[in-house]
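Participant: Okay, structure incoming, though there's no sequence with it:
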């Protein structure tokens, strides 16, 4: 009997867990992983977390493919939930920069690359602004697979160097040919570790890795508290928001939580498809023209319908944030000892906006997902400095300057 399979979110067609691409029945629906434990409301599947660490302690709610050996893991997960009370009352910071390659993409790629191995794939490809590519390269290296990363033209050099360090090949191609190249590689047998073809179908296995963020938050806050939480997520294409929502949704179905926390989508004001869908009361998420933003990782013209579904089902809100909001939030986080990439700061920016305008009331914890470390991200123009910088030619001169600065 199958423990997991793929199911179309549009027509309900069930297909084998090893299937790739869009729904074979309706041809346009997105395939998602479904589980026998969820169908049977079998909460004993959650007993496994007490037997290990990392995301794979929840193996009963992660896709297991025939032919899989041990999961491809670098001990991802178990990231800290830190108090952020200096920013707002009852605010918590889920710091994903503690993952092996310093972002939450490690959760995604651990599951996605484990599936690639089970499917007998030897070559992996993904398109990325940075963090996804680094994670794909690292987990491909761990699995002994070839990896090519189609890099965004604005991808920071440090990310490109990290991709090379893991033995993968960064491929710099113009945006207008990147999708065509991805399609050609997938047609030639390369495994798409982030996005399946036809575009834009998410890798259904990798999305499941994001669920473990929800599982950990419930462990860390306690299920009674987490049941009334507000979860702020930086959103570009929408996989992360949907995965986190799905994790909470499964815990509700299994009777662990009484109700869903509200999930909020934080998007740059100039690249906010979910904000546009919310304003129009639309069933579908519109394509939008985008403006530049410091939050490159979430600067997308399109967000998937799965994220819109998760947002609405959780009674969540799409929150637009300006670059000024993002930079202010990054400076505040720096003051707490946390270095994050610009997209990560968007979650805190969105939470502070929502608290100020009354969208969030004092009825439960506010959790901001800090998706990645800022270690590999250069400071864009106007990005807040980490602190004053002094230059001196003698110890006396430096001492006097420091006394003047610090009192």
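Facilitator: It's in. The shown structure was predicted, so the numbers you read here are calculated from the model rather than taken from an experiment.

Participant: what about residue 26, neighbour count?
Facilitator: Counted with other C-beta atoms under 10 Å, residues neighbouring residue 26 total 12. No exception for glycine: its C-beta is placed from N, CA and C like everyone else's.

Participant: model confidence over the helix or strand encompassing residue 250, on average?
Facilitator: Residue 250 belongs to helix 239-253 when assigned by DSSP states H and E. For helix 239-253, mean pLDDT rounds to 96.

Participant: what does stretch 123-134 give?
Facilitator: Mean predicted confidence for stretch 123-134 is 92.

Participant: Quick check: buried residues in it?
Facilitator: 124, 125, 126, 127, 128, 129, 130, 131, 132, 133, 134 (16 or more other C-beta atoms under 10 Å).

Participant: for stretch 173-193, same thing?
Facilitator: In stretch 173-193, counting by 16+ other C-beta under 10 Å, buried: 173, 178, 179, 181, 182, 185, 186, 190, 191, 192, 193.

Participant: Show me these that map onto strands.
Facilitator: 191, 192 (DSSP state E).

Participant: Tell me which two of the buried residues of stretch 173-193 sit farthest apart.
Facilitator: Using C-beta to C-beta, the buried residues of stretch 173-193 span at most 18.7 Å, a distance reached by 173 and 191.

Participant: follow-up on the earlier one: wait, which of the buried residues of stretch 123-134 is closest to residue 264?
Facilitator: The closest of the buried residues of stretch 123-134, once distances to residue 264 are taken by C-beta to C-beta, is residue 131, at 20.9 Å.

Participant: which residues does that closest one contact?
Facilitator: 101, 102, 103, 105, 159, 297, 341, 371, 372 (C-beta atoms under 8 Å, 6 or more residues apart in numbering).

Participant: so what's the backbone phi/psi at it?
Facilitator: Main-chain torsions, residue 131, degrees, to the nearest 10: phi -60, psi -40.

Participant: which residues in the protein form helices?
Facilitator: Listed in chain order, the helices of the chain (DSSP state H) span 36-39, 105-118, 131-143, 157-165, 175-187, 204-221, 223-226, 239-253, 273-280, 305-313, 323-334, 342-356, 395-406.

Participant: ok, now which ones touch residue 221?
Facilitator: Counting by C-beta under 8 Å, 6+ apart, residue 221 has contacts 81, 92, 229, 365, 367.

Participant: Please report the distance of it from residue 309.
Facilitator: Distance from residue 221 to residue 309, counting by C-beta to C-beta, to the nearest Å: 25 Å.

Participant: residues in contact with residue 143?
Facilitator: 72, 113, 114, 116, 117.

Participant: List the buried residues for stretch 289-299?
Facilitator: Buried, per 16+ other C-beta under 10 Å, within stretch 289-299: 293, 294, 295, 296, 297, 298, 299.

Participant: quick one: average pLDDT of it?
Facilitator: The model assigns stretch 289-299 a mean pLDDT of 89.

Participant: Quick one: end-to-end length of that stretch, please.
Facilitator: Terminal residues of stretch 289-299 lie 10 Å apart, using C-alpha to C-alpha, to the nearest Å.

Participant: now it, how far from the chain's geometric center?
Facilitator: 16 Å (C-alpha atoms, centre = their mean, to the nearest Å).

Participant: which regions of this structure sit below the pLDDT cut-off?
Facilitator: Within the chain, the ranges that satisfy pLDDT under 70 run 1, 48-52, 66-69, 197-201, 362, 379-389, 407.

Participant: ok now do the spatially most central residue of it, which residues does it touch?
Facilitator: For the chain, the residue nearest the mean C-alpha position is residue 240 (3.9 Å; C-alpha atoms, centre = their mean). Counting by C-beta under 8 Å, 6+ apart, residue 240 makes contact with 104, 210, 233, 234, 369, 371.
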